[in-house]
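J.: structure, please.
(one chain, ligands or ions: 2)
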Amino acid sequence: MVTRTVDLRSDTVTKPCEAMRAAMANAEVDDNVLGNDPSALRLETEMARITGKEAALFVPSGTMGNLISVLVHCDVRGSEVILGDNSHIHIYENGGIATIGGVHPRTVKNNEDGTMDIDVIEAKIRDPRGQLVYPTTRLICLENSHANTGGRCLSVEYTDQVGELAKKHGLKLHIDGARIFNASVALGVPVHRLVQAADSVSICLSKGLGAPVGSVIVGSESFISKAKILRKALGGGMRQVGILCSAALFAVQNNVAKLENDHKNAKTLAVGLNEINGLKVNVSTVETNIIYVDLEESSNLTAEKLYKNLQQHGVVVMLEGPYSIRIVIHHQISETDVQYTLSCFKVIKLFACKSCPSLSVRTQGFMI
Ligand SMILES: Cc1ncc(COP(=O)(O)O)c(C=O)c1O
Ligand SMILES: C[C@@H](O)[C@H](N)C(=O)O
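T.: Residues are numbered from 1 along each chain as shown. Ligands and ions are numbered 1, 2, ... in the order given. Okay, the predicted model is just below:
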C-alpha cells in the first residue's frame, strides 16, 4: 500500500498553499484588457523592480512569454534568432517562433553547463552583406538556469559577455529565465544583476515559486507595450487576472527564500542516488533543483521499469530516455520525502539485482 506520494516530475507541479489561496480569494480585480487590473499592476511593478527593468507584463505561460519576446525583437520578416540546440524554446515550445512567428531558428550547441561557446555564437551571426540570400540575425536567446542540462546556472560574467556580443552586432538579447530565481539563489547574485545585459526576460512564477499559473516578461517600456499587443493577438489578454497575479505576487514575496532549501534537498538526493550501485548521477553538476539519473548496465533496469516500480511506491519521476530519468525538487518536497525516495530506490535496486535476468535487453540502445 502506498504510504505517501512524492511528486518529482517537475517544479511545475507545485500547488497553491492555503495562504496563497487566501491571497487569491481576497484579490482586488478589474478588467485587465479594458484597463488595469490592480493586482496585475502590483505584480508587474514588483517584477520590474526586482529585475531592474522599466516594465513588466503578466502572461499565461512561459511558452507564451518566450514567444512574445522573440516576436517583439524579430518583428521583421526574414528574422533569425540564435539559440541553444538543447534549449526549451527550441525543443519544448512546438517551434512556435517559426510556426506562429515566422522567425528562423539558428541553433548553437549547448555545452554541458548550459552555455553556448561565444565564438560559435559570433560565427553564426549572419553577415549583413549576404542579406540577399541569408535571414537576418536579430536576437540571441539564453536560458538561465538551463533546464535540459540539469538546471545549470549561467554566470553573470558569461551573460554580460553575450550581451556585449549582441550589442557589438546590433542584436537583442532575450533570457528564458523560467528558473532565473533558482540561478540567482544558487549563484548568490541578485536577479537584476544576472539579467542586466538582457533586453528581455521571461520568468516563470508557476514553477519553483509555486504560483498556480503564469509568467512575467520584463523589458523596456517600449518592448512591453509591443508585447502587450502581441499578448492580446495570441489570446493572452485576460480579464480579472488579479486572482492569478495575487498568487504570483505571494509567490515572489514568500517563496524565493525556499529555493535554497530545494537546492540542498536536490544535492542530498543526488549524492544518495549516486551511492546506489547501478545508478549514476553527476553530483557536481547539480547546482539547483534538477537531477538527471542514468541507469548503468549493472542496474538490470530500464528507465520505464524503474519509473513503474517507483510509481508503485508513490514516487513519480519524469522519463528522459530508455536509461535515464529526471527528478525536480520543489518547496513541496520535504527532507523526509527525499529520504523516503532514496529508500524506494534502494528497495527497487535490491530487487532488480536479485531478480531473474533483466526483462529488458539492451540492443542498439533501444528498450525492448
Ligand atoms: C526553461 C523553461 N522555459 C520555459 C518553460 C515554459 O513554461 P510553461 O510550461 O509555463 O509554458 C519551461 C517549462 O515549463 C522551462 O522549463
Ligand atoms: C518539460 C518542460 O516543458 C517543463 N518546463 C519542465 O521542466 O517540467
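
J.: and the residue of the stretch 51-200 of the chain found nearest ligand 2, how close does it get to residue 84?
T.: Going by C-beta to the nearest ligand atom, ligand 2 is nearest to residue 92 of the stretch 51-200 of the chain, at 4.2 Å. No exception for glycine: its C-beta is placed from N, CA and C like everyone else's. Distance of residue 92 to residue 84, given as C-beta to C-beta, to the nearest Å: 12 Å.

J.: so the two - more neighbours on which side?
T.: residue 84 (25 against 13; other C-beta atoms under 10 Å).

J.: quick one: contacts for the nearest residue to the more buried one once chain neighbours are set aside?
T.: Excluding the flanking residues, the one nearest residue 84 by C-beta to C-beta, 6 or more residues apart in numbering is residue 110, at 3.9 Å. Contacts for residue 110 were tallied using C-beta atoms under 8 Å, 6 or more residues apart in numbering; they are 84, 85, 86, 87, 116, 146, 148, 149.

J.: cool, residue 223 as well?
T.: Contacts here follow C-beta under 8 Å, 6+ apart; on that basis residue 223 touches 55, 72, 73, 199, 200.

J.: next helix or strand past the one helix or strand it maps to?
T.: Taking DSSP states H and E as the criterion, residue 223 maps to helix 221-233. Per DSSP H and E, helix 221-233 leads on to helix 242-254 as the next helix or strand towards the C-terminus.

J.: can you check the pLDDT for residue 348?
T.: As predicted, residue 348 sits at a pLDDT of 85.

J.: could you check how many residues crowd around the closest residue in space to it that isn't next to it in sequence?
T.: By the measure of C-beta to C-beta, 6+ apart, the closest residue to residue 348 outside its immediate chain neighbours is residue 309, 4.4 Å from it. Using other C-beta under 10 Å, residue 309 is surrounded by 18 other residues.

J.: just the element for residue 309, please.
T.: Taking DSSP H and E as the criterion, residue 309 maps to helix 303-312.

J.: what are the pairing partners of the helix or strand just after that helix, and which direction each?
T.: Once the chain leaves helix 303-312, the next helix or strand it forms, by DSSP H and E, is strand 315-316. Strand 315-316 sits in its sheet next to strand 6-7 (parallel), going by DSSP bridges.
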